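Engineer: Sequence first, predicted model second:
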Amino acid sequence: QNLVNSTSFYPTIEYNFFPYEDATRRQLRLNYRIGGRYVDYYSITYLNKMNDWYFLHSLVLSYKQVEKWGSFKCDIGTFQYFSKDNFYRINISPNVSWNIARGLNWNFGGNFSIVKDQYFLRKDDVSADAILLGQAQLKSNFSYYIYTGISFSFGSMYNNVVNVRFSMNDNNW
């Protein structure tokens, strides 16, 4: 993404529509965050920048349901940069984790994004080799991916629970 360094600070406010005692089984959370991001680039961007500050805010609705068969999670959200009205992104990220056996899960899911925030794109021409090797990106209006995999966990079911809330993954939110 033409990024040498990216440093962010985003204080967040969250509200869970379900009571806290249900938080390990089900959640419907609304997160609003606001903050800034400083970035350094490898080469000059099409905006003629080698570094810049961006201020943005985001709104994310996250649903998670845990059952004996496994769990379902879906995040829907958007963020927008204050200084550039046309810089925003809209995401949806569903995920299903199916319990095959105790501690063994089959996971599958994906992400779809409407992309209008590619401020980091290089100004100079990008070679086909750099694109194929994943060293550069071209302008796009959307992105998507799907995945599947297995995971195994062991130990106490509470060993990684500090606070079940604020557990947003950073899919460019």
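Structural biologist: Happy to help now that I have it.

Engineer: where does this protein dip in pLDDT?
Structural biologist: 134-136, 156-173 (pLDDT under 70).

Engineer: What segments of this structure are strands?
Structural biologist: Assigned by DSSP state E, the chain shows strands spanning 3-9, 12-16, 26-41, 51-67, 70-81, 88-101, 104-116, 142-152.

Engineer: Can you say which of those is nearest to L133?
Structural biologist: L133 sits nearest to strand 3-9 of all the strands of the chain, at 16.5 Å, using CB to CB. To be clear about C-beta, it is placed using only N, CA and C from the backbone, and glycine gets the same treatment.

Engineer: could the strands of the chain go into JSON lines alongside distance to L132?
Structural biologist: Below are the strands of the chain laid out as JSON lines (distance: least, CB to CB, whole Å):
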{"stretch": "strand 3-9", "distance to L132": "20"}
{"stretch": "strand 12-16", "distance to L132": "37"}
{"stretch": "strand 26-41", "distance to L132": "21"}
{"stretch": "strand 51-67", "distance to L132": "28"}
{"stretch": "strand 70-81", "distance to L132": "29"}
{"stretch": "strand 88-101", "distance to L132": "25"}
{"stretch": "strand 104-116", "distance to L132": "20"}
{"stretch": "strand 142-152", "distance to L132": "17"}
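
Engineer: Reformat these into a markdown table and put mean neighbour count and distance to D124 next to each item.
Structural biologist: A markdown table is the format used below for these (neighbours: other CB atoms under 10 Å; distance: least, CB to CB, whole Å):
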| stretch | mean neighbour count | distance to D124 |
| --- | --- | --- |
| strand 3-9 | 11 | 16 |
| strand 12-16 | 13 | 37 |
| strand 26-41 | 17 | 12 |
| strand 51-67 | 16 | 17 |
| strand 70-81 | 18 | 23 |
| strand 88-101 | 16 | 24 |
| strand 104-116 | 15 | 21 |
| strand 142-152 | 10 | 22 |
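
Engineer: Which among those strands is found nearest to D125?
Structural biologist: Of all these, strand 26-41 comes closest under CB to CB, at 15.9 Å.

Engineer: closest to V126 out of the strands of the chain?
Structural biologist: strand 26-41 (13.6 Å).

Engineer: Report the beta-bridge partners for the residue nearest to G70 when sequence neighbours are not counted.
Structural biologist: Distance criterion CB to CB, 6 or more residues apart in numbering; nearest residue to G70, sequence neighbours excluded, is W98 at 4.2 Å. Counting by DSSP bridges, W98 forms beta bridges with G70, W106.
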